[in-house]
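> build me a model from this:
(one chain, ligands or ions: 2)
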Amino acid sequence: MEDLGDRIQQLKKKRPDYGEILDFYQKVKEAQDKVKTSLKIAPIILKKKSKEFSAKEGFSLIQKEDFPLDTEASVSLFETLCHIGKEANPHMAEQVAKIGKALDHAGIDLKKLLKKGLAEQRVERVADEFGLDKKVFLFLIQSSIKPSIEAGMEQLRTEVDPETCLKGYCPVCGSLPSLSLLKEDVGKRYLLCSFCGYQWRVDRLFCPFCGNKDQESLHYFHGEGEEAHRIDLCDKCHQYIKTIDFRKIEQSDPVLEDLATLHLDILATQKGYKRPVPNPWAI
Ligand SMILES: [Zn+2]
Ligand SMILES: [Zn+2]
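Ligands and ions are numbered 1, 2, ... in the order given. Take a look at the predicted model:
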């Protein structure tokens with residue numbers, strides 16, 4: 001945790017504009033890590049078939065909905081995050097107040113809703129019904145179940161080989177990647193699952209979203225003075241993924257690095273490219 005704090009201080013110095021959101025990130029991350037130490041997660045029992053399919057056909061091991069949650073811990077984390085949100089900025093504060101009212105008076109069952117956090121559309125429907133900011137509401141729900149999801153992924157880690165899957169979607173849960181990471185001296189490329197946090201290896205020249213491997217239509221750009229952060233563009237599907245080059249910065253939290261370079265997403269959008277999995281912190 002000390003490392004996270006140090007890196008955040010470094011980033012804040014470099015980009016003072018990000019101060020508020022980086023402070024918010026640190027508080028949320030610390031609250032999530034605290035929950036992790038006492039989680040109670042049911043064991044995930046894989047069907048023999050899903051193991052076989054995963055090995056032979058490249059299907060994911062389980063579906064998003066199959067992750068077991070520690071509901072009590074998620075509810076308590078939701079409350080903590082609402083509290084943190086109240087102090088973060090006026091928009092969050094207003095939303096948290098609205099959410100509190102909706103939960104108190106409209107009889108929304110938070111436990112049920114947290115389970116629905118696994119299926120985004122259902123949470124969005126509730127947000128619509130109560131006039132809540134969808135992004136903020138979904139962020140709070142998903143951040144509250146994240147420790148459970150990551151604990152579930154840890155259970156399954158040994159069931160797949162991260163080096164041989166080479167697909168554009170997560171071999172554990174089937175979700176799309178949120179980031180791409182370059183590691184080791186040779187620059188092995190990994191994708192980071194947007195849902196469960198698993199990392200798996202892919203080819204260096206490869207668009208995870210459309211499978212394009214043609215080097216003529218794959219290119220990238222850096223921000224000025226930002227060798228470690230780049231945007232990988234695909235001209236075939238006009239989508240992009242952000243890449244963090246861990247050969248150029250010390251091992252840090254990839255989600256934090258993503259958050260601290262939202263200006264690169266703005267540049268990519270201006271160039272006409274889309275990010276299939278938006279940065280959830282851009283709220
Ligand atoms: Zn996953
Ligand atoms: Zn593509």
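
> what residues does the residue nearest to Glu159 when sequence neighbours are not counted make contact with?
Spatial nearest neighbour of Glu159, chain neighbours left out: Leu61 (5.8 Å); criterion: CB to CB, 6 or more residues apart in numbering. In short, each C-beta sits where N, CA and C put it, glycine included. Leu61 makes contact with Leu46, Ser50, Lys51, Ser54, Leu156, Glu159, Val160, Pro171, Val172, Cys173 under the criterion CB atoms under 8 Å, 6 or more residues apart in numbering.

> if you set the cut-off to 7 Å instead, what comes out?
Leu61 makes contact with Leu46, Ser50, Ser54, Leu156, Glu159, Val160, Pro171, Val172 under the criterion CB atoms under 7 Å, 6 or more residues apart in numbering.

> equivalent analysis for Cys193, please.
Each residue near Cys193 by CB under 7 Å, 6+ apart is listed here: Cys170, Val172, Cys173, Ser175, Pro177.

> of all the residues you listed, which comes closest to Glu124?
Of all the contacts of Cys193, Ser175 has the smallest distance to Glu124: 16.9 Å, by CB to CB.

> can you give me the helices for the stretch 151-283 of the chain?
Under the criterion DSSP state H, counting those that start in this stretch, helices of the stretch 151-283 of the chain are mapped to 254-259, 262-270.

> most tightly surrounded among those?
Highest mean neighbour count of the helices of the stretch 151-283 of the chain: helix 254-259, a mean of 20 (counted as mean count of other CB atoms under 10 Å).

> now that one: mean pLDDT?
On average, the pLDDT along helix 254-259 is 94.

> nearest residue to Ala228 in space, please, no chain neighbours.
Leaving aside its chain neighbours, Ala228 sits nearest to Lys248 (3.8 Å; criterion: CB to CB, 6+ apart).

> so how far is Lys236 from the one you found?
The gap separating Lys248 from Lys236 is 27 Å, by CB to CB, to the nearest Å.
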